[in-house]
Structure formats: C-alpha cells, structure tokens
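Asker: For reference, the sequence and a predicted model appear below.
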Amino acid sequence: MAVASAFMVTAAQAQTGPVRILVGFPAGGGTDAIARTLADKLKDQLGVPVVVENKAGAGGQIAAQSLKAAAPDGNTLFLTHDHTISILPQVVKNPGFDPAKDFVPVAGFATFVNALAVSGGTPAKSTAEYVAWVRTQGGKGTLGVPAPASTPEFLVKVLGEKYKLDLVAAPYRGSAPMMADMLGNQIAAGVGSVPDFIENHKAGKIRIVAVLGGNRQAILPDVPTFSELGLGGLEDMPYYGLFAPAGTPKVAIDKVSDALAKVLAQPDVKDHLTAMGLTVGFMNSQQLAKREQAYTQVWAKLIKASGFQVQ
C-alpha cells in the first residue's frame, strides 16, 4: 500500500506541466481551432500552461506516433477525431501505432458531421446543381479532402457511384491548405467537417450543400442531409477526444478528464464550439473507449464493402 501510495503521489506531481496538446493537422484548420479554444481554458483548470503543438501530416499519423513516443506522465495529450483513431489504422499497412495498445482514452468532448461544400467560383447552390455542373465538365470532378483514406475520401467515392460521375479525391495535409485552394477557386469542391467549413460558409465564400448524419444540423437548418438525398449508411457521428500514451497513470487521466468536464460546462465554451459546428457532449474515458470501438467496427464494415485496398 505504501508503494502504491507513493506511486500515486509521484504520478500526480509529474503532471505539473506544461501540458502539450498534439494536433495532427496544420494551424488554421478546424481541429487546430478547437484545440486552442480548449487549451486556453484548460490552463486555468489545471493550473499549468497548456500549449498546442501542431505535428501535421499523414492524416494525423505523425502526431499519433509522437504521442506513442511521449512519456506517460499526463503532460502530453493528443486531440484528434475518428479518422486517426478508428479509420487510419485500418487503411494503412504500417501506421506506426496501435490505438488499442499505445493509447489510453482520456475524455471525449464532441461529435460532428462531415459535409460537401462548393467553392465560390462554382455556380452550384445545392448537391443537385453541383452534380449537374460536373456533368457539364465532362462528368469529371476533383474534390479536396483533408486527409487520404478518410471519411471524406470514402464519401467522394460514394458520391461518384451514386451519381455515375468520375469523381476523384485530392488529399491535402489538413483542412487549412484545402480551404486555401477552395477560397482561391483552385478546386471546385471539397469534403470535410462542418467545423472546417462553417466560418467561410457564414461569410458566403463557400457553400455547404449537404451534411452527413441522421438529422440536419442546428447551425445549418437549410442544408439537407445525405440521407435526405438518398445516400444512407453514413449516419453515425464521428467524435473528438483527448488521448494519452499507454501507461499514463489513472490519477493523471482523471485530472485532465475532470478539468475538461468543467471547461465544457462553461456556457461561453459550449456556445463557441457549437458555433463551430460541433455537438458538445462530455464522455469520460470509458465512454470514449466504447465510442471508439463502435466507430471502428462501423468503418471496418464500410471499408470491406467498398473494396478499399490497404495502402
């Protein structure tokens, strides 16, 4: 008991910061903006500096590998979503990490949906109009996606099959460079998360024309779901969460989890994240683990059905 107590004290003392939050996408994108919003509030709850460290590339793979290599002391966290945790390990032969063995869920904080958006230079104002426009281009179109082998890339494939179009996904290193090309009309359309698109949609610079999920989004009441357009099977909601290296003491995980719960309870934080297109909802470590497992199983079936070849 004395040894155990000493270990617990040491673990608690180890989390004296600063705390790093790794983000697998470039600064300026939706995930980065979310991380910085939470980091600013978590520092007050944890009583230590909380910094965001962008390790962009390979759909979050580089950041995930960095988390695996980090000391399990509670001072390094990974803020990410379903792509890196539930999908990427199933579509890459050697991702360099295994979420089930190398990570421990800390807490989840939101779900979100992906969306189809068209650039300002594209005349379409709906999915049907976009499809009609692509047909005037010889039935060929290129859509930006924020990462290879991601939900957006699979959606491009589904859209092409649904409308009998030759649609090609152009993977970017995150949503920020994809958005830059959409704003510059270098690419006619893109598929990404609502948080990636929402600010430029509100500003009238791009147009979100359809969203995934079982219901329309409160922030986009006039935008139909893909289910309404006859594209079912993709209603399950992706998630955002914080993860720590395997072996991180429970006391350190609980400390961050409790702090995040308090942050999410602040009305200004919830309102800000909701305005970014998230559905805010706290999940403790066990709840996030269950959601991760369920979403991984959903995508295992979708990947198999699509005939996708592991890269």
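Answerer: Structure's in. What do you need?

Asker: Any idea how many residues pack against Leu264?
Answerer: Leu264 has 18 neighbouring residues, counting by other CB atoms under 10 Å. Just so you know, the C-beta spots here come from the backbone N, C-alpha and C atoms, and that holds for glycine as well.

Asker: ok, the nearest residue to it once chain neighbours are set aside - contacts?
Answerer: Nearest non-adjacent residue to Leu264, counting by CB to CB, 6 or more residues apart in numbering: Phe282, 5.2 Å away. By CB atoms under 8 Å, 6 or more residues apart in numbering, the contact list for Phe282 reads 107-109, 260-261, 264.

Asker: now, among the residues you listed, which is nearest to Gly160?
Answerer: Set against Gly160, the nearest of the contacts of Phe282 by CB to CB is Gly108 (32.1 Å).

Asker: From the contacts of Phe282, list the buried ones, please.
Answerer: Using 16 or more other CB atoms under 10 Å as the burial test, the contacts of Phe282 include 107-109, 260, 264 as buried.

Asker: Which of these fall within helices?
Answerer: Among these, the members falling in helices (DSSP state H) are 260, 264.

Asker: I'd like to know how far Ser126 sits from Pro224.
Answerer: Per CB to CB, to the nearest Å, Ser126 is found 8 Å from Pro224.

Asker: nope, Glu292 is what I meant
Answerer: According to CB to CB, Glu292 and Pro224 sit 29 Å apart.

Asker: Then Glu235?
Answerer: Distance from Glu235 to Pro224, by CB to CB: 13 Å.

Asker: just Lys255 next, same as before
Answerer: Using CB to CB, Lys255 is found at 43 Å from Pro224.

Asker: Just give me the neighbour total for Ser257.
Answerer: Other residues near Ser257 number 21, with proximity taken as other CB under 10 Å.

Asker: Adjust the sequence numbering to begin at 23 for everything that follows.
Answerer: Sure thing, new numbering starts at 23, so read that last one as Ser279.

Asker: Am I right that it is in a strand?
Answerer: No. In this structure, Ser279 is helix, not part of a strand, as judged by DSSP: H, G, I helix; E, B strand; the rest coil.

Asker: per-residue confidence for it?
Answerer: pLDDT recorded at Ser279 is 98.

Asker: quick one: pLDDT of the residue lying closest to it once chain neighbours are set aside?
Answerer: Nearest residue to Ser279 in three dimensions, chain neighbours excluded: Ala129, at 4.2 Å (CB to CB, 6+ apart). At Ala129, the model reports a pLDDT of 98.

Asker: Contacts only, for Ala129.
Answerer: Contacts of Ala129 by CB under 8 Å, 6+ apart are 263-264, 278-279, 282-283, 304-307, 310.

Asker: Just give me the closest of those residues to Phe330.
Answerer: Nearest to Phe330 out of the contacts of Ala129 is Gly263 (CB to CB; 24.4 Å).

Asker: What distance do you get for the closest residue to that closest one other than its chain neighbours to Gly206?
Answerer: Closest residue to Gly263 apart from its sequence neighbours, by CB to CB, 6+ apart: Gly130 at 3.9 Å. Separation of Gly130 from Gly206 (CB to CB): 35 Å.

Asker: now do Pro246
Answerer: Look at Pro246 and Gly206: by CB to CB, they are 27 Å apart.

Asker: the more surrounded of these two?
Answerer: More crowded of Pro246 and Gly206, by other CB under 10 Å: Pro246, with 14 against 11.

Asker: State the phi and psi torsions of that one.
Answerer: Main-chain torsions, Pro246, degrees, to the nearest 10: phi -70, psi 160.

Asker: swap in Val74?
Answerer: The phi/psi pair for Val74 (degrees, to the nearest 10) reads phi -100, psi 130.

Asker: for it, which residues make a bridge with it?
Answerer: With DSSP bridges as the criterion, Val74 is bridged to Ile43.

Asker: Would you map the strands across the stretch 73-222 of the chain?
Answerer: Counting by DSSP state E, counting those that start in this stretch, the stretch 73-222 of the chain has strands at residues 98-103, 125-133, 136-141, 162-167, 188-193, 211-215.

Asker: Lys63 is nearest to which of those strands?
Answerer: Using CB to CB, the strands of the stretch 73-222 of the chain put strand 125-133 closest to Lys63, at 11.2 Å.

Asker: That closest one versus strand 98-103: what angle between them?
Answerer: Interaxial angle, strand 125-133 versus strand 98-103 (axes from the mean of the first three to the mean of the last three CA atoms, to 10 degrees): 40 degrees.
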